[in-house]
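Colleague: Please work out how this folds:
(chains A, B and C)
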Amino acid sequence: MKRASLYHEQTARKRIASLVDPGSFTELLPPPERVMSPYLPLLDIPVSFDDGLVIGRATLGGKPVYLAAQVGQFVGGSVGEVHSAKLTGILKAAARDAIPCLLLVESGGVRLHEGSSGEIGISEAMRAVFECRAKGVPTIAVIGADIGAYGGMGILVTCCDFRIMTEHGRLGISGPIVIEKWMGKQAYDSSNRALVWKTSGGKTKYLLNDADVLTHDDSASVGAAIGELLSKSQPITLGGLKTRQQELEKRLGDFGKTSDPEEIWKAFGIADIGEASLASGPEFVALAKRKTP
Amino acid sequence: MNTSNPNDLLARFFGESGKTLLVKDSLITGYAQVLTQNVAVIGTCDGTYIDNAAALRLASLVIDCIENHPQMPIVMLVDSAGQEPSRTCEMLGLASFFGHLLSCLQLARQNGHKLITIATGKAIGGAFICYGMFGDRIEALDSASVGLMPIEAMSAVTKIPAATLTALSKTMPALEFGAEPFALLGGVDEVWSADVNVPEKLAAVISSSTQEDHRAELGKKRGGRKWAFDVQNRVLAESAK
Amino acid sequence: MEKFDKTFPSKSFSWPPDKEWAIAGVVGSGNLEVLFERNTESPNTMECHVESSIPGYEDSWLAALEDFAANYPAGGTKVTIHDQGAAPIVVTFRLRQAYDHLLQKIS
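Modeller: Next comes the predicted model:
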């Protein structure tokens, strides 16, 4: 009997196929159009037909969505010029058409091989996310892959209306290896997987209200979470920003002196760290007492 | 004039009114004047690293400006080497703090505040993207160090020899570090030479700036990013069918 | 990067009316992506273009492709591969996977 594949194990194309209504996905700028990186060949690095980002349109529970799914295995899901232009384009299309945009994120951030072009590209994509938000068009990021959302992509997902995470996903800017290289093993032992995930993983992000939802690591659960959010958006208001400012100031006040993520878990009502560490996303949610403003 | 001294820099931009700005822990916040126009100012100096608390301080000023000074232009000065590379900053959610700062700037934009950036020193990676690169117009002093990371660092991470990257950077400005190549890519509108009259220049930019993001078009026109604009437009065209 | 082209005779593939292309695999270490496209001009050949980041395995590639062309009706297709060091067994698996997508056996 074939085991249902877990979200974190799926390829970008498989994730899309598992989430959308069967047969509803139309890929934009598909592989035959060969919209690829002009830079990687100059470095003798293999190119990919989709430059590591699959974009298109589909329906989810009958509702139209635009989507963009990153291919984590291709240069670490990193964002180059073409990749970021596809991302910006699909977000701008979403804003134009008032159709929600779904980002299936799996990226270490800017593609270093393409230098500043990816950096500016991510900034353009951020502007496009906010174009959607200004128009009340929902932008939903799913962060459920092991490599997570880091660097400029980590910042970008925090600009979206909603973030759905699983216990596999990670959200941050500087990765553990970079911090360890720069600041030493004492500062961050990147080989300590438990520490890495407690620092940046879905469970801690959920407790801190940086992730809106924490689901099971399977497409049915992720799809259900997306479905709940498709008709919602979070307009940016002065009141909302002031509330968030207070929330973040309180976070620094409560936890700014601690370096141990387990202190955060305990503060949110987790009595048994071991049990919570092994728990699935929804089990963890049940164990915690998260308060959102 | 030593523009690496924050007070000299602020005098150069804002004259006497620069003295009313708060410069604390390498952050600049407050209100000043460009020629005779009132502006809000947020910024970094000393090539500092931006951590969670810093992001909140900058956000706080933006919120204050939105609430108390309708449509006042916000000038963003950038001299930061990056996001604070710290496990605890990451644990506390630095990415979300940056998202909050960007959201504050977005509301300012939505409410009609102009956002004008000048890179005065280092303008690198996450520190630049979390506020400065969000400007309606992005300028740089010609002495500014603008970019993703120097080639030596890129080489260390990608394992591609620095010599290879350096050679390639001659024809690929995306790999070159500096204000001029960043401008070629469309990431900077204009590089200001050392003899420029800063207040006049800044006043002109504030007056003429518009809200649309024209960086991809600029990058194509200038030849530093030849594909982004066309690919964005192709997606828009294909999706409209 | 090593690049080469080779055309193999193959029984004509009956293209489903609503399919123009199919893809399988991803470009990552030890992996490859394969794109099958319709080639109406040449219904009895499988036209292959391979780009591999690991040079020196042309014979191995040609053997795997020739084998595939002989065992499956793949005439009237254009096959393009971007490879990053996949083992022969993975190559064959991906070819079959892309082919199954064409036949709409898997989504």
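Colleague: Check the separation of the first and last residues in stretch B:189-202.
Modeller: 12 Å (Cα to Cα, to the nearest Å).
Colleague: how about that stretch: buried residues?
Modeller: By 16 or more other Cβ atoms under 10 Å in any protein chain shown, the buried positions in stretch B:189-202 come out as B:D189, B:V191, B:W192, B:V196, B:V198, B:P199, B:K201, B:L202. Where C-beta positions appear, they are placed from N, C-alpha and C, glycine not excepted.
Colleague: With stretch A:219-232 instead?
Modeller: Buried residues in stretch A:219-232 (16+ other Cβ under 10 Å): A:S219, A:S221, A:V222, A:G223, A:A225, A:I226, A:L229, A:L230.
Colleague: and chain C, which of the residues you listed reach it?
Modeller: With Cβ under 8 Å from any Cβ of the partner chain as the criterion, these include none near chain C.
Colleague: Looking at these, which one is closest to chain C?
Modeller: A:S219 (11.9 Å; Cβ to the nearest Cβ).
Colleague: returning to what we had before: wait, which of the buried residues of stretch A:219-232 is closest to B:D46?
Modeller: For the buried residues of stretch A:219-232, the residue nearest B:D46 by Cβ to Cβ is A:L229; the value is 41.7 Å.
Colleague: is chain A contacted by the helix or strand containing B:Y49?
Modeller: B:Y49 belongs to strand B:48-50 when assigned by DSSP states H and E. No - for strand B:48-50, no contact with chain A is found by Cβ under 8 Å from any Cβ; the gap never falls below 10.1 Å.
Colleague: Name the residues that touch that strand?
Modeller: By Cβ atoms under 8 Å, 6 or more residues apart in numbering or on different chains, the residues outside strand B:48-50 that reach it are B:25-27, B:44, B:54, B:79-85, B:98, B:126-127, B:130.
Colleague: ok, so of the buried residues of stretch B:189-202, who is nearest B:Q33?
Modeller: B:P199 (8.7 Å).
Colleague: Now do the same contact list for B:K114.
Modeller: With Cβ under 8 Å, 6+ apart, B:K114 has these contacts: B:P73, B:I74, B:D136, B:I206, B:S209.
Colleague: try 10 Å
Modeller: Residues near B:K114 by Cβ atoms under 10 Å, 6 or more residues apart in numbering or on different chains: B:39, B:71-75, B:108, B:135-137, B:205-211.
Colleague: still on that earlier bit, the buried residues of stretch B:189-202 in helices, which ones?
Modeller: B:V198, B:P199, B:K201, B:L202 (DSSP state H).
Colleague: Any idea which residue of chain C lies closest to chain A?
Modeller: For chain C, Cβ to the nearest Cβ, closest residue to chain A: C:G28, 3.3 Å.
Colleague: ok, and the closest non-adjacent residue to that residue?
Modeller: The shortest distance from C:G28 to any residue other than its chain neighbours is 3.3 Å, reached at A:Q73 (Cβ to Cβ, 6 or more residues apart in numbering or on different chains).
Colleague: quick one: A:S48 and chain C, what's the gap?
Modeller: According to Cβ to the nearest Cβ, to the nearest Å, A:S48 stands 4 Å off from chain C.
Colleague: burial count for that residue?
Modeller: By other Cβ atoms under 10 Å in any protein chain shown, 25 other residues sit near A:S48.
Colleague: tell me the strands in the chain, going along the chain?
Modeller: As the question left the chain open, I've gone with chain A. For chain A, the strands defined by DSSP state E occupy A:26-28, A:53-60, A:63-70, A:101-105, A:139-143, A:162-166, A:213-215.
Colleague: The intended chain is chain C.
Modeller: C:2-9, C:21-25, C:32-38, C:45-52, C:77-83.
Colleague: ok, now which ones touch B:G147?
Modeller: Taking Cβ under 10 Å, 6+ apart, one finds A:115-116, A:119, B:122-125, B:128, B:154, B:174-179, B:181-182, B:185, B:187 in contact with B:G147.
Colleague: And B:T88, by the same measure?
Modeller: When contacts are counted by Cβ under 10 Å, 6+ apart, B:T88 touches A:187-188, A:199, A:255-261, B:51-52, B:94.
Colleague: Got a quick PyMOL command for the buried subset of the residues you listed?
Modeller: Remark: buried members of these, expressed as a PyMOL selection using 16+ other Cβ under 10 Å:
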select buried, (chain A and resi 188+199+255+261) or (chain B and resi 51+52+94)
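Colleague: ok, the closest residue to A:F130 other than its chain neighbours - contacts?
Modeller: Spatially, and ignoring its direct neighbours in sequence, A:F130 is nearest to B:Q106 (4.6 Å; Cβ to Cβ, 6+ apart). In this structure, B:Q106 makes contact with A:126-127, A:129-131, A:133-134, A:159, A:236, A:241, B:62, B:115, B:134, judged by Cβ under 10 Å, 6+ apart.
Colleague: is it true that B:Q106 lies in a helix?
Modeller: Yes - counting by DSSP: H, G, I helix; E, B strand; the rest coil, B:Q106 falls inside a helix.
Colleague: related to what we said a few turns ago, tell me which of the contacts of strand B:48-50 fall in helices.
Modeller: Short answer: these in helices (DSSP H) are B:A54, B:F98, B:G126, B:A127.
Colleague: could you check whether stretch B:231-239 is close to chain C?
Modeller: No - Stretch B:231-239 is not in contact with chain C by Cβ under 10 Å from any Cβ of the partner chain; minimum separation 15.0 Å.
Colleague: Pull the number of nearby residues for residue 133.
Modeller: If you meant another chain, say so; for now it's chain A. Other residues close to A:R133 by other Cβ under 10 Å number 23.
Colleague: Hmm, no, I was thinking of chain B.
Modeller: Applying other Cβ under 10 Å, we find 27 residues neighbouring B:M133.
Colleague: how much space between the residue lying closest to it once chain neighbours are set aside and C:M46?
Modeller: In space, and not counting its chain neighbours, B:M133 is closest to A:S123: 4.2 Å by Cβ to Cβ, 6+ apart. From A:S123 across to C:M46, the span is 44 Å (Cβ to Cβ, to the nearest Å).
Colleague: picking up where we left off before, mind picking the two most distant members of the ones in helices among the buried residues of stretch B:189-202?
Modeller: Once Cβ to Cβ is applied, those give B:P199 and B:K201 as the farthest pair, at 7.3 Å.
Colleague: Find the residues that touch each one of these two.
Modeller: In contact with both B:P199 and B:K201: B:F13, B:V34, using Cβ under 10 Å, 6+ apart.
Colleague: How far off centre is the worst-scoring helix or strand of chain B on mean pLDDT?
Modeller: The weakest-scoring helix or strand in chain B, judged by mean pLDDT, DSSP states H and E, is helix B:151-158 (a mean of 90). From the chain centre to the centre of helix B:151-158 is a distance of 23 Å (Cα atoms, centre = their mean, to the nearest Å).
Colleague: Any chance you could list what contacts that helix?
Modeller: Here helix B:151-158 has contacts from A:43, A:45, A:75, A:108, A:111-113, A:115, A:177-178, A:181-182, B:124-125, B:147-150, B:160-166, B:168-169, B:175-177, using Cβ under 10 Å, 6+ apart.
Colleague: which parts of chain C sit against chain A?
Modeller: Residues of chain C lying near chain A (Cβ under 10 Å from any Cβ): C:1, C:18, C:20-33, C:35-38, C:51-54, C:78, C:80-85, C:101, C:104, C:106-107.
Colleague: Now do the same contact list for B:T171.
Modeller: B:T171 touches A:L42, counting by Cβ under 10 Å, 6+ apart.
Colleague: what's the answer for C:I81, then?
Modeller: A:46, C:25, C:27, C:32-35, C:48-52, C:61, C:64-65, C:91, C:94-95, C:98.
Colleague: Give me the pLDDT for the residue nearest the centre of chain B.
Modeller: Nearest to the mean C-alpha position of chain B, by Cα atoms, centre = their mean, lies B:G132 at 2.4 Å. For B:G132, the model assigns a pLDDT of 98.
Colleague: Thanks again, I'm all set now.
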